[in-house]
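[1] Okay, sequence plus prediction incoming.
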Amino acid sequence: MIHYRIEVADAAAHQFKVTLTIADPAPEQQLSLPVWIPGSYMVREFSRHLSRLDARQGSQAREIVQLAKDRWSVAAAGRGALVVTYLAYAFDPSVRTAWLSDDRGFFNATSLCLAVEGRTGEAHRVEVKLPAGWDCATAMTRVDVPAKGSKAKPARTQVFGSADYDELADHPFELGPFWRGSFTAGGVVHEFVVSGAWPQFDGARLLADTKRICDEEIRFWHGADKPPFSRYVFMLYATEDGYGGLEHRASTALIAARKDLPRIGVAGTSDGYVTLLGLISHEYFHTWNVKRLKPAEFLPYDYTQENYTELLWFFEGFTSYYDDLFLLRCGLIDQARYVKLVGRAMNGVRQSPGQHVQSVAEASFDAWVKYYRSDENTPNSTVSYYTKGSLVALRLDLALRAGGRATLDDVMRALWRDAPGGAVTEALILKTVARLGGKAIAADLREWVHQRGELDVLPALARVGVEPELETLNLSTELGIRVSEGPVSGVQVKAVLAGGAGAAAGLSAGDEILAVDGWRVRRLDDALAWIRTGAGFELLVVRQQRVRTLHVADRLSERRNDAASRSLRLSTSPNAATLARRNGWLGR
């Protein structure tokens, strides 16, 4: 079989040492490293972090020739085991690659483990050698026999097995002296490990709340049956300021700010904690929707290049619709808070001019070069298939419910039953919607996915007793700009939205706004104390070390409603029919 030994070479230098042993190698044995990791749709060139590659058979050195950025060839002689060693630099704190410091390690096999060409379908073993006091968490099956007393003191060397390279690539590893807890959901043990949390972190509450999410999602997909995995592991890295997640077949890697974790003795549910619970719900829902149901183009994954699909609006967008909805369904938030979250997604799309440039299908296809490479022009050139995709799911769910024949829940479960080998196509989605809800709704769905422009969800929300209310605008929103502000840094323009008053005045990303109508500002909204509604005003800005004056014609008095943020609220006096429809959607 293919065997990897992974150990710490130099924690201070963030270097793992990897030893790959290949029994019975090919005469010209080729090795490669993936250029991307499933779930994160960008070519990341993981091979740039490898160095000092060396190959031997017994005591004999073997020549390694690099064939491409991510591919090598080793000239072997005979059937003796080929041993390849190398270093892997690990200093990316994200969930996508690898990290190593003196108090924590983390890796995805796509960053560390060279694939053995011609042998990826064979069994693989990963031997992890741990520093003193460290433990290892992964959903991969442990195949060595734990030493006696290992529960009290983790074994310094642990060995895990996978059926093939694909399974290996789908199991991240968390290393270190982390916190660990567990619960049972759907008859299956779920582990939760947390690294980097404050001492007052409330692990018991996190476990209880996560269990509620898991129980609800398992019931959604399987009723009283067990989920399609025998064990699940959540791995959370708590940082000073971070957010993100990456799904896997039986685990997920998460990042959250320490301040957003629940704390012992602190009651209530902060917005930050709701965001974390939504992330947990999102990545867990992916266990079904993208890890088992997946775009037909991903069967199988091609780790050497981009895997294009137009379906991320479904796999990410629909998952984004369900993530917060499950927080409501399992009682972690109420209806009022849920519709506020829907309003936040709605505003995110409304304030992105890129929705008029790209459809969500086009944004899905372009994810490889746009979504993960955002810059100051991103809001003007593309739309998020996460947020607008969630609005497509919302619109579809409400349309199906209005038709009285089905709901989006029915569509998702039908796809789970009917997708051949898990392969999902747009044609299959539309066929399923037409069968359950009617051809007209399927035609509408196709239009929502492929047309550019605003997707108006307000009429559908009104029918279920949810209405908008205008929020107090800040000056940056009225101007159509995005800024960062601070008492030292001042007002820095990060993006200028197409069609806004700021763009008309000639503002540019990178400008620093010094003054408004001759008065110094550290925060842009300070100027609301002296500029007059509907009147023009002057901005004093610095651009490329030069000071210039720009004139804003007016404060968007005629286009105020177009720029406004609209929060959502529950209608206070719905009639009986409206209330019944709302309760059918959101529950009582």
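    Alright, I've got the coordinates.

[2] pretty sure Ser251 contacts Tyr232?
    Yes. At 6.3 Å, Ser251 counts as touching Tyr232 under the criterion of CB atoms under 8 Å. All C-beta atoms are positioned from the backbone trio N, CA, C, and that covers glycine.

[3] Just give me the residues shared between the contact sets of the two.
    Residues within reach of Ser251 and of Tyr232 at once, by CB atoms under 8 Å, 6 or more residues apart in numbering, are Ala139.

[4] counting residues per helix, which one in the protein is longest?
    helix 203-222 (DSSP state H).

[5] bridging residues for Val194?
    Trp179, Leu236 (DSSP bridges).

[6] Could I get the buried residue list for the longest helix of the chain?
    By neighbour count on 16 or more other CB atoms under 10 Å, the buried set for helix 203-222 is 203, 205-207, 209-214, 216-218, 220-221.

[7] Look up the pLDDT of Thr21 for me, please.
    In this model, Thr21 is scored at 98, pLDDT.

[8] Just list the residues touching it, thanks.
    By CB under 8 Å, 6+ apart, the neighbours of Thr21 are 2-5, 81-84.

[9] do the same with Ala11
    100-102, 131.

[10] swap in Tyr232?
    139, 188-191, 214, 250-251, 287.

[11] If we use 6 Å, what do you get?
    Neighbour list for Tyr232: 190, 250 [criterion: CB atoms under 6 Å, 6 or more residues apart in numbering].

[12] helix/strand/coil for it?
    Under DSSP: H, G, I helix; E, B strand; the rest coil, Tyr232 falls in the strand class.

[13] most centrally placed residue in the chain?
    Gly245 (4.6 Å; CA atoms, centre = their mean).

[14] May I ask which helix or strand encompasses that residue?
    strand 243-247 (DSSP states H and E).

[15] For that strand, the averaged confidence score.
    pLDDT averaged over strand 243-247 gives 97.

[16] ditto for stretch 60-67
    Here the average pLDDT along stretch 60-67 is 97.

[17] What residues sit buried inside that stretch?
    Of the residues in stretch 60-67, those with enough neighbours to count as buried (16+ other CB under 10 Å) are 62, 64.

[18] Ends of that stretch, what's the gap?
    22 Å (CA to CA, to the nearest Å).

[19] Stretch 177-194 too?
    End-to-end distance for stretch 177-194: 9 Å, by CA to CA.

[20] for the stretch 151-300 of the chain, which spans come out with low pLDDT?
    Applying pLDDT under 70 to the stretch 151-300 of the chain flags the ranges 151-153.

[21] meant to ask about the stretch 301-450 of the chain, not that
    In the stretch 301-450 of the chain (pLDDT under 70), no residue qualifies.

[22] now the strands for it?
    Using DSSP state E, counting those that start in this stretch, the strands found in the stretch 301-450 of the chain span residues 423-424.

[23] which residues in the stretch 101-250 of the chain form strands?
    105-107, 115-116, 124-129, 135-137, 141-142, 157-162, 173-176, 179-185, 188-195, 231-239, 243-247.

[24] Reformat the ones you listed as JSON lines; add distance to Val493.
    Below are the strands of the stretch 101-250 of the chain laid out as JSON lines (distance: least, CB to CB, whole Å):
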{"stretch": "strand 105-107", "distance to Val493": "36"}
{"stretch": "strand 115-116", "distance to Val493": "45"}
{"stretch": "strand 124-129", "distance to Val493": "47"}
{"stretch": "strand 135-137", "distance to Val493": "43"}
{"stretch": "strand 141-142", "distance to Val493": "52"}
{"stretch": "strand 157-162", "distance to Val493": "49"}
{"stretch": "strand 173-176", "distance to Val493": "39"}
{"stretch": "strand 179-185", "distance to Val493": "42"}
{"stretch": "strand 188-195", "distance to Val493": "37"}
{"stretch": "strand 231-239", "distance to Val493": "27"}
{"stretch": "strand 243-247", "distance to Val493": "24"}
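
[25] To Leu398, which of those strands lies closest?
    strand 243-247 (26.6 Å; CB to CB).

[26] Tell me who's in contact with the residue nearest to the centre of the chain.
    Taking CB under 6 Å, 6+ apart, we find Gly245 in contact with 252, 254, 279, 283.

[27] need the residues you listed in JSON lines with distance to Gly437, can you?
    Below are these laid out as JSON lines (distance: CB to CB, whole Å):
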{"residue": "Thr252", "distance to Gly437": "31"}
{"residue": "Leu254", "distance to Gly437": "34"}
{"residue": "Leu279", "distance to Gly437": "30"}
{"residue": "Glu283", "distance to Gly437": "28"}
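
[28] Export those to CSV and append columns for neighbour count, secondary structure and distance to Val116.
    Shown next, in CSV, are the contacts of Gly245 (neighbours: other CB atoms under 10 Å; DSSP: H, G, I helix; E, B strand; the rest coil; distance: CB to CB, whole Å):
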residue, neighbour count, secondary structure, distance to Val116
Thr252, 26, strand, 27
Leu254, 23, strand, 31
Leu279, 20, helix, 35
Glu283, 24, helix, 30
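
[29] Now compare those and name the two farthest from each other.
    Farthest-apart pair in the contacts of Gly245 is Thr252 and Leu279; separation 8.9 Å (CB to CB).

[30] number of nearby residues for Leu236?
    Leu236 has 25 neighbouring residues, counting by other CB atoms under 10 Å.

[31] meant to ask about Arg417, not that
    7.

[32] The one 5 residues further on too?
    Gly422 has 17 neighbours, counted by other CB under 10 Å.

[33] wait, it sits on Asn289?
    No. The pair Gly422 and Asn289 fails to qualify as a contact (CB atoms under 6 Å) at a distance of 10.3 Å.

[34] any chance of the contacts of Ala11 in a markdown table, plus neighbour count, distance to Val464 and pLDDT?
    What follows is the contacts of Ala11, written out as a markdown table (neighbours: other CB atoms under 10 Å; distance: CB to CB, whole Å; pLDDT from 0 to 100):
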| residue | neighbour count | distance to Val464 | pLDDT |
| --- | --- | --- | --- |
| Leu100 | 23 | 50 | 98 |
| Ser101 | 14 | 49 | 98 |
| Asp102 | 11 | 54 | 96 |
| Pro131 | 15 | 55 | 96 |
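
[35] Which one of the strands of the stretch 101-250 of the chain lies nearest to Ala535?
    That would be strand 243-247 among the strands of the stretch 101-250 of the chain, by CB to CB, at 39.7 Å.

[36] Which strands border that closest one, and is each parallel or antiparallel?
    Here, using DSSP bridges, strand 243-247 pairs with strand 251-257 (antiparallel).
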